[in-house]
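S.K.: coords please:
(one chain, ligands or ions: 1)
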Amino acid sequence: MKIDVLTLFPEMFAGPLDVSMVRRARDRGLLDLKIHNLRDWTHDRHKTVDDRPFGGGPGMVLKPEPLFEAVEHLTAGLADAHVVLLSPAGRVFSQAIARELALRDHLLLVCGSYVGFDERIREGLADDELSIGDYVLTNGALPAMVLVDVVTRLLPGALGDDASAQDESFSAGCLEYPQYTRPAEFRGWKVPEVLLSGHHAEISRWRAEQAQQRTRRLRPDLLASPAAETRARTEQAQDDL
Ligand code: 4GY
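M.R.: Residues are numbered from 1 along each chain as shown. As a prediction, the model looks like this:
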């Protein structure tokens with residue numbers, strides 16, 4: 001997959017995307033990630049990317065010309081780029097949206113800054129607008145990094161051989177069950193007996209119950225999701241056997 005990022009702060013991207021699984025995906029050629037400075041598509045001496053809002057008001061607005069030029073340059077000759085604006089006005093990003101994005105060949109992420117985008121950028125350039133949550137950051141670099149990170153681990157071959165991105169909490173619409181490792185007793189806290197028992201069927205049942213209880217207690221909203229419905233139906237079908 002190819003991901004281009006357009007930002008006013010390319011230097012913010014050094015670090016988070018140079019380590020761990022994203023590093024490995026890039027080294028293996030699964031992810032071709034390029035960070036671009038929006039100012040490279042300006043033509044004036046001051047490399048102006050923003051201007052005052054028509055009609056007055058505080059703050060500055062991202063001008064359309066550099067963004068249109070940049071997006072046109074980065075998508076020239078490429079069949080199917082999916083252009084995503086990152087801003088608090090977008091649909092809230094989720095594991096389900098990440099799974100859809102991971103199927104695409106080319107993403108172009110456009111980070112917002114200042115007060116926002118000239119509306120013609122939304123109308124003329126964007127295929128989608130995503131938010132990483134209901135709060136306002138200083139710019140869209142961190143949201144772009146979040147999106148790249150989440151999508152990268154869904155790329156085929158990005159996870160290690162034995163790990164599966166599919167059977168995890170948000171894919172299942174439910175939180176993970178409690179995990180323990182050695183020692184079997186730590187400062188008086190014991191690992192639940194059933195996990196030491198070697199009874200695989202009992203362990204599975206205990207984990208399913210724990211995951212459900214925990215979800216009901218901490219994230220009841222997840223149980224109302226379509227994924228939870230699918231899971232409940234699958235479990236019912238298994239019980240019926
Ligand atoms: N939340 N999700 C977000 C953000 C910075 C003011 C518009 C978010 O995606 N982006 O907070 N971005 C703002 C700053 C202008 C972008």
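
S.K.: residues from this protein in reach of the ligand?
M.R.: For the chain, the residues found near the ligand under the criterion C-beta under 6 Å from any ligand atom are 86-88, 112-116, 131-133, 135-137, 139-140, 143. All C-beta spots, glycine's among them, are computed from the backbone N, C-alpha and C.

S.K.: list only buried entries from the residues you listed.
M.R.: Buried by 16 or more other C-beta atoms under 10 Å: 86-88, 112-114, 116, 131-132, 137, 139-140, 143, out of the residues of the chain next to the ligand.

S.K.: narrow these to those in helices?
M.R.: By the criterion of DSSP state H, membership of those in helices covers residue 143.

S.K.: and residue 210, that's in a strand?
M.R.: No: going by DSSP: H, G, I helix; E, B strand; the rest coil, the assignment for residue 210 is helix, not a strand.

S.K.: contact partners for it?
M.R.: 177-178 (C-beta atoms under 8 Å, 6 or more residues apart in numbering).

S.K.: tell me how far it lies from residue 45.
M.R.: 63 Å (C-beta to C-beta, to the nearest Å).

S.K.: just residue 173 next, same as before
M.R.: For residue 173 relative to residue 45 (C-beta to C-beta), the value is 54 Å.

S.K.: now the strands for this protein?
M.R.: 2-7, 32-37, 50-51, 61-62, 81-92, 106-111, 116-117, 128-131, 185-186, 189-190 (DSSP state E).

S.K.: ok, of those, where does mean pLDDT dip lowest?
M.R.: Across the strands of the chain, strand 116-117 has the smallest mean pLDDT, namely a mean of 90.

S.K.: so between residue 173 and residue 45, which is more surrounded?
M.R.: residue 173 (21 against 6; other C-beta atoms under 10 Å).

S.K.: neighbours of residue 212, how many?
M.R.: 18.
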